[in-house]
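S.K.: Sharing a model that was predicted from the sequence below.
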2 protein chains.
Amino acid sequence: MQMRTNERLSRPTGFWGLFSVAFAPRPQPLHSLPMKLATYKDGSRDGQLVVVSRDLGTAHYTTGIASRLQQALDDWNFIAPQLQDLSDALNHGRARHPFAFDPAQCMAPLPRAYQWLDGSAYLNHVELVRAAGRDDVPERFYTEPLMYQGGSDDFLGPCDDIVVPDEAMGIDFEAELAVVTADVPMAATAEQGLDAIRLLMLANDVSLRHLIAGEVETRLGLVQGKPATAFSPVAVTPDELGEAWQGGRVHLALQTSWNGRKVGLCEAGPDMRFHFGQLIAHAARTRRLRAGSIVGSGTVSNPGVDRNGRREWPKGYGCIAEKRAMETLLDGAPKTEYMRFGDRVRIEMKSRDGQLVFGAIDQRVAPLALNSPPG
Amino acid sequence: MQMRTNERLSRPTGFWGLFSVAFAPRPQPLHSLPMKLATYKDGSRDGQLVVVSRDLGTAHYTTGIASRLQQALDDWNFIAPQLQDLSDALNHGRARHPFAFDPAQCMAPLPRAYQWLDGSAYLNHVELVRAAGRDDVPERFYTEPLMYQGGSDDFLGPCDDIVVPDEAMGIDFEAELAVVTADVPMAATAEQGLDAIRLLMLANDVSLRHLIAGEVETRLGLVQGKPATAFSPVAVTPDELGEAWQGGRVHLALQTSWNGRKVGLCEAGPDMRFHFGQLIAHAARTRRLRAGSIVGSGTVSNPGVDRNGRREWPKGYGCIAEKRAMETLLDGAPKTEYMRFGDRVRIEMKSRDGQLVFGAIDQRVAPLALNSPPG
């Protein structure tokens, strides 16, 4: 993009200049920035920004452009084109110091952020979980997104352990998509919300179900029931998704595996009742959102179908609570237990040509080591 | 403190060295750091850190030590002693370039933070508001703190307008105290929580009551009902509070004025059911808190007394919802309306010698100017 800017500056002026501009190949719009970004562990709180090749094979430090992703988001229009130049060079084998990309070295793309708001845009998730608890789904849930404010000071990298103090807390995963926003004005429209989307990621919104059950009674939302959230190794721009990004939705399948067994392959596109622009507009109704805010989709979930008089959910599930809800609806009681220490969860999304888009979240549940340092 | 560190390094060694150390005046413990900090507007997202004199008369840029408060919190043990040296110099008239301190030039001490968790530690606030709504107070509220996760990407400075898109949203103030923490390990004790407190501030946790009424029905907490929170001009260390800081509580009165009329002078100490260490431990039960996390007390509130067979609240109120609850309890219906555009709220706390400790939050409610830029 920097190159194109320079081209524009050096265009001929005057009559023939105008003529040549009119017939010149139309430049890509300034916001077309296909690229993948990640944050490498370097012992610091914010890590080191890298660009990652489309095939996730190689990466390159962004030294001299921006050291941290938040810095790029704070000044996106200036920094993103430079990152994209480097990304282009990396993808075309022209980058100077590429190295093999290792997702295990990644922090969350934003290791800490100023905001994490998680929606619940797949109504089937809400319907399932509430039906199992014999709760109706209020009418407003179909017209207005559900959303909670999460902690954003301490995100997990894609391969970091999910540390929980007690196995009996009802440890669950939630396979989600999330976007990172630019500055969003207060009372923004859904269209403004869409325009503000800078990056997309996968998320594992870890939940402690037995604590949530108590916290919802306070009516003030979730604190202890929502420990640190994990994000995919790579954050990608909407342009990087190409045609899979349509109408504020990602039209690809999100795959969840639990201890090596595939338990969900859920379509993220069609059943997303509120698209990301609408989720952002909901969040911004009474406040500005500042650059680097993360907004999640909620657990990706597809409705069941009736077969031979029995309800089935052929796409599987993106969180154990849904599986337990299905069991309760079918057989009167849940039989699948929540995660145990040592369990693993893997969350990934493939493009139509079978390549991983974001890399994989691949985590193990681990007990809290007492007296472990906070840092 | 830097000076003391140098002293220690240059202490004589050997037998006579040990002798001289044993009889040397005992140095202050390393964590004794009385000082006041603020963040000046400079057009950037994070502003410019300054130290402020005890009497709030003068300030001094911290150039060469740290430019942003988050930076100091990320590396407190190294940076705080240097800030304290500068603070000492400022308070003793030895600083090189002091300037007159102007609260109107302040952003929030942390203009954006990685976490904002607000407790509700004054049970009278909870009892009042729930009683007016004919709700019981569940037993657990007396043994476990209430807490919600707030947005932290966009705090208001102490004199910034409270911008609301619609006057009919039930605009309310909430006069609170808040602490800024160091890193806190998961499953920290209340004592560890106390040790982690780095700074204290006043907060105006602006609330939109009519939106909250709907949001509590989602059971996922508050998003639209809690717009940007404002903080006092100055953040102070616990040591700066001296004897007013006891047992994780601030033993001073918090004064609230609405359109110039004093409506509350509430004692922040005795009725705080859960002290700040307990609030931090509650928040850290299943997650680490990272440096710069802000934890609020909830509306400071004192219980009523019975006089001549009628309940009275001689200390007044720290939010309009409480006043409306008092009216409902006494007369069956609220008569005080929420804030209107143009209304002002002022929140301040005086030390026992009558000096403002944190400076004053002094804000006006203003309508959203359409098409205002997000920046």
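M.R.: Sure, I can see it. Residues are numbered from 1 along each chain as shown, chains lettered A, B, ... in the order given.

S.K.: May I ask you to confirm that A:Ser32 belongs to a helix?
M.R.: No. Under DSSP: H, G, I helix; E, B strand; the rest coil, A:Ser32 sits outside any helix and is assigned coil.

S.K.: In this structure it contacts A:Gly242, no?
M.R.: No. A:Ser32 lies out of contact with A:Gly242 (Cβ atoms under 8 Å); the separation is 10.7 Å. Heads up, the C-betas are built off the backbone N, CA and C, glycines and all.

S.K.: Please, which helix or strand holds A:Leu202?
M.R.: Using DSSP states H and E, A:Leu202 falls within strand A:197-204.

S.K.: And that strand, how far out from the chain middle?
M.R.: Computed by Cα atoms, centre = their mean, to the nearest Å, the chain-centroid distance of strand A:197-204 equals 3 Å.

S.K.: That strand close to chain B?
M.R.: No. With Cβ under 8 Å from any Cβ of the partner chain as the criterion, chain B is not reached by strand A:197-204; the gap is at least 13.4 Å.

S.K.: what residues are up against the residue nearest to A:Ser32 when sequence neighbours are not counted?
M.R.: Spatial nearest neighbour of A:Ser32, excluding adjacent residues (Cβ to Cβ, 6 or more residues apart in numbering or on different chains): A:Asp239 at 5.1 Å. Applying Cβ atoms under 8 Å, 6 or more residues apart in numbering or on different chains to A:Asp239 gives the contacts A:His31, A:Ser32, A:Leu33, A:Pro34, A:Met35, A:Trp245.

S.K.: Identify, from these, the entry nearest to chain B.
M.R.: A:His31 (16.2 Å; Cβ to the nearest Cβ).

S.K.: so which residue of chain A comes closest to chain B?
M.R.: Residue of chain A nearest chain B, by Cβ to the nearest Cβ: A:Gly221 (1.8 Å).

S.K.: Enumerate every residue touching that residue.
M.R.: Taking Cβ under 8 Å, 6+ apart, we find A:Gly221 in contact with A:Tyr148, A:Gln149, A:Glu215, B:Tyr148, B:Gln149, B:Arg219, B:Leu220, B:Gly221, B:Leu222.

S.K.: how close does it sit to A:Thr143?
M.R.: Separation of A:Gly221 from A:Thr143 (Cβ to Cβ, to the nearest Å): 21 Å.

S.K.: which residues make contact with the helix or strand encompassing A:Asp85 from outside it?
M.R.: Using DSSP H and E, the element containing A:Asp85 is helix A:76-91. The contact list for helix A:76-91 (Cβ under 8 Å, 6+ apart) reads A:1-3, A:5, A:30, A:33-37, A:51-54, A:58-60, A:62, A:65-66, A:71-72, A:94-95, A:98, A:182, A:198, A:237, A:291.

S.K.: Dump that helix to PDB, restricted to CA.
M.R.: Provided in PDB are the C-alpha atoms of helix A:76-91 (Å, rounded to 0.1, in the frame of the first residue of the first chain):
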ATOM      1  CA  TRP A  76      -4.000   1.700  11.900                       C
ATOM      2  CA  ASN A  77      -4.300   3.900   8.800                       C
ATOM      3  CA  PHE A  78      -0.600   4.700   9.000                       C
ATOM      4  CA  ILE A  79       0.800   1.400  10.200                       C
ATOM      5  CA  ALA A  80      -1.400  -1.200   8.500                       C
ATOM      6  CA  PRO A  81      -0.300  -0.400   4.900                       C
ATOM      7  CA  GLN A  82       3.300  -0.900   6.000                       C
ATOM      8  CA  LEU A  83       2.400  -4.200   7.700                       C
ATOM      9  CA  GLN A  84       0.700  -5.200   4.500                       C
ATOM     10  CA  ASP A  85       3.700  -4.400   2.400                       C
ATOM     11  CA  LEU A  86       5.800  -6.700   4.600                       C
ATOM     12  CA  SER A  87       3.000  -9.400   4.400                       C
ATOM     13  CA  ASP A  88       3.100  -9.200   0.600                       C
ATOM     14  CA  ALA A  89       6.900  -9.600   0.600                       C
ATOM     15  CA  LEU A  90       6.600 -12.600   3.000                       C
ATOM     16  CA  ASN A  91       3.900 -14.300   0.900                       C
END
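
S.K.: Could you give me the buried positions within it?
M.R.: Buried residues in helix A:76-91, defined by neighbour count with 16 or more other Cβ atoms under 10 Å in any protein chain shown: A:76, A:79-88, A:90-91.

S.K.: same deal with stretch A:327-344?
M.R.: A:Thr328, A:Pro334, A:Tyr338, A:Met339, A:Asp343.

S.K.: Narrow the contacts of helix A:76-91 to those in strands?
M.R.: For these, the ones inside strands are A:Lys36, A:Leu37, A:Val51, A:Val52, A:Thr58, A:Ala59, A:His60, A:Arg198, with DSSP state E as the criterion.

S.K.: Now do stretch A:34-51, average pLDDT.
M.R.: Stretch A:34-51 shows a mean pLDDT of 98 in the predicted model.

S.K.: hang on, the earlier thing: next step: the contacts of A:Gly221 restricted to helices.
M.R.: Applying DSSP state H to these, the entries found in helices are A:Glu215.

S.K.: Please indicate which of the contacts of A:Gly221 are buried?
M.R.: A:Tyr148, A:Gln149, A:Glu215, B:Tyr148, B:Gln149, B:Arg219, B:Leu220, B:Gly221, B:Leu222.

S.K.: doesn't B:Gly151 make contact with the second one?
M.R.: Meaning A:Gln149. Yes. Counting by Cβ under 8 Å, A:Gln149 touches B:Gly151, with 6.1 Å between them.

S.K.: how close does the nearest residue in space to A:Arg54 that is not next to it in sequence sit to A:Val234?
M.R.: Distances taken as Cβ to Cβ, 6+ apart place A:Asn91 nearest to A:Arg54, at 5.5 Å, with adjacent residues excluded. Distance from A:Asn91 to A:Val234, counting by Cβ to Cβ: 14 Å.

S.K.: ok, now A:Gly93?
M.R.: Distance, A:Gly93 to A:Val234, by Cβ to Cβ: 19 Å.
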